[in-house]
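S.K.: Provide a 3D model corresponding to the input given below.
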Amino acid sequence: MTTVEWSRQGGADLLPVDRDLFRALLRRQAATVTVVTTVAPDVAAPARPDGSGEPVRAGFTATSFTSVSLDPPLVSFCLGTASSSWPVFARAEHVAVHLLGAHQREAARVFATGGIDRFAAYPHWTPGPFGVPLLTGALARLLCRVAHRVPVGDHTLFVAEPLALGGGEDGDPLVHHRGGYTTTGTPARP
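M.R.: Numbers count the residues shown, from 1 in each chain. You can find the predicted model right below:
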C-alpha cells in the first residue's frame, strides 16, 4: 500500500483514503444516469431455471458511463461483480445504453433495485436487435457490441463499440448527485 507523506501547506486537509470517505467524496460528483440492458446470448435454449424458454434479460442503473474514443467509437461502463446482473453481463455479446431523461426516475429506481424482475417492474421496453431490451422514452440509446471486459477491483470495466444509436425524446438529463436524482434543468419531480 502506498502512503502519502505530506506537510500541510495552504490550509488544505488531506486524509487517508478509506471506503466510507471515498464513497462520501464520490457522492459530490454529479453523474449522468444511464440504464444498461442485455440478454443472455444463448436465448435459443431454455434460459430460465423454470424451463420457460424465455430469454434471461439483465439491466442495471449506471452512473459510470463515459465515452472512451471517437476513432474508433468506444464507450465504457462499470458493473460490480457481486451484482445480480453480473452473470448475464459476464457473457453478453451486445448491450444497450440508455441515457435517461429527468422524467425517468422510476426507470433508474427499478433498475437499481436488486432481487426483482426489473423488466416486469418496468414494462416500458421492447426487444431490439439481438434481443437486447430497449427502454422507451430515453433521451438517447446506443446499441453496442462488447469489445473488452477488464477486471478492476470489485468491478469489471466494459468497453463497448457502438453499432447503432437513436435519439429519443428531447429534454433534460437525469443526474445522480449526493445520493439522489436531480437534473440540470428544472428539478425532477419525485
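
S.K.: how about the CA coordinates for the least confident helix or strand in the chain by mean pLDDT, as CSV?
M.R.: Here the helix or strand of the chain ranked lowest by mean pLDDT, DSSP states H and E is helix 19-26, holding a mean of 74. Output of helix 19-26 as CSV, limited to C-alpha atoms (Å, rounded to 0.1, in the frame of the first residue of the first chain):
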residue,chain,number,x,y,z
ARG,A,19,-14.1,3.1,1.9
ASP,A,20,-16.5,5.5,3.7
LEU,A,21,-14.5,8.7,3.0
PHE,A,22,-14.1,7.6,-0.7
ARG,A,23,-17.8,6.9,-1.0
ALA,A,24,-18.7,10.3,0.6
LEU,A,25,-16.3,12.1,-1.9
LEU,A,26,-17.9,10.3,-4.9
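
S.K.: need the contact partners of that helix.
M.R.: L15 (Cβ atoms under 8 Å, 6 or more residues apart in numbering). (Each C-beta comes from the backbone N, C-alpha and C, glycine too.)

S.K.: strand partners (parallel or antiparallel) of the helix or strand just after that helix?
M.R.: Counting by DSSP states H and E, the element after helix 19-26 in chain order, helix or strand, is strand 31-32. Strand pairing for strand 31-32, using DSSP bridges, gives strand 174-177 (antiparallel).

S.K.: each with direction, which strands does the helix or strand following the strand it pairs with pair with?
M.R.: Counting by DSSP H and E, the next helix or strand C-terminal to strand 174-177 is strand 180-183. Strand 180-183 pairs in its sheet with strand 174-177 (antiparallel), by DSSP bridges.

S.K.: confirm V35 sits in a strand?
M.R.: Yes. With DSSP: H, G, I helix; E, B strand; the rest coil as the criterion, V35 is part of a strand.

S.K.: hmm, it is touching L135, no?
M.R.: Yes. Taking Cβ atoms under 8 Å as the definition, V35 is a contact partner of L135 at 6.0 Å.

S.K.: shared neighbours, the two?
M.R.: Residues touching both V35 and L135 (Cβ under 8 Å, 6+ apart): H98, A107.

S.K.: out of these two, which sits in the busier spot?
M.R.: Using other Cβ atoms under 10 Å as the criterion, V35 and L135 rank with V35 on top: 28 against 22.

S.K.: how close does the more buried one sit to L21?
M.R.: 29 Å (Cβ to Cβ, to the nearest Å).

S.K.: now swap in E161 and tell me
M.R.: 36 Å.

S.K.: could you list the low-pLDDT ranges of the protein?
M.R.: 1-12, 26, 28-30, 42-53, 186-190 (pLDDT under 70).

S.K.: what bridges to the residue nearest the centre of it?
M.R.: Against the mean C-alpha coordinate of the chain, by Cα atoms, centre = their mean, the closest residue is A62 at 2.5 Å. Beta-bridge pairing for A62 (DSSP bridges): T34.

S.K.: how about the contacts made by it?
M.R.: V33, T34, V35, V36, F77, C78, L79, V97.
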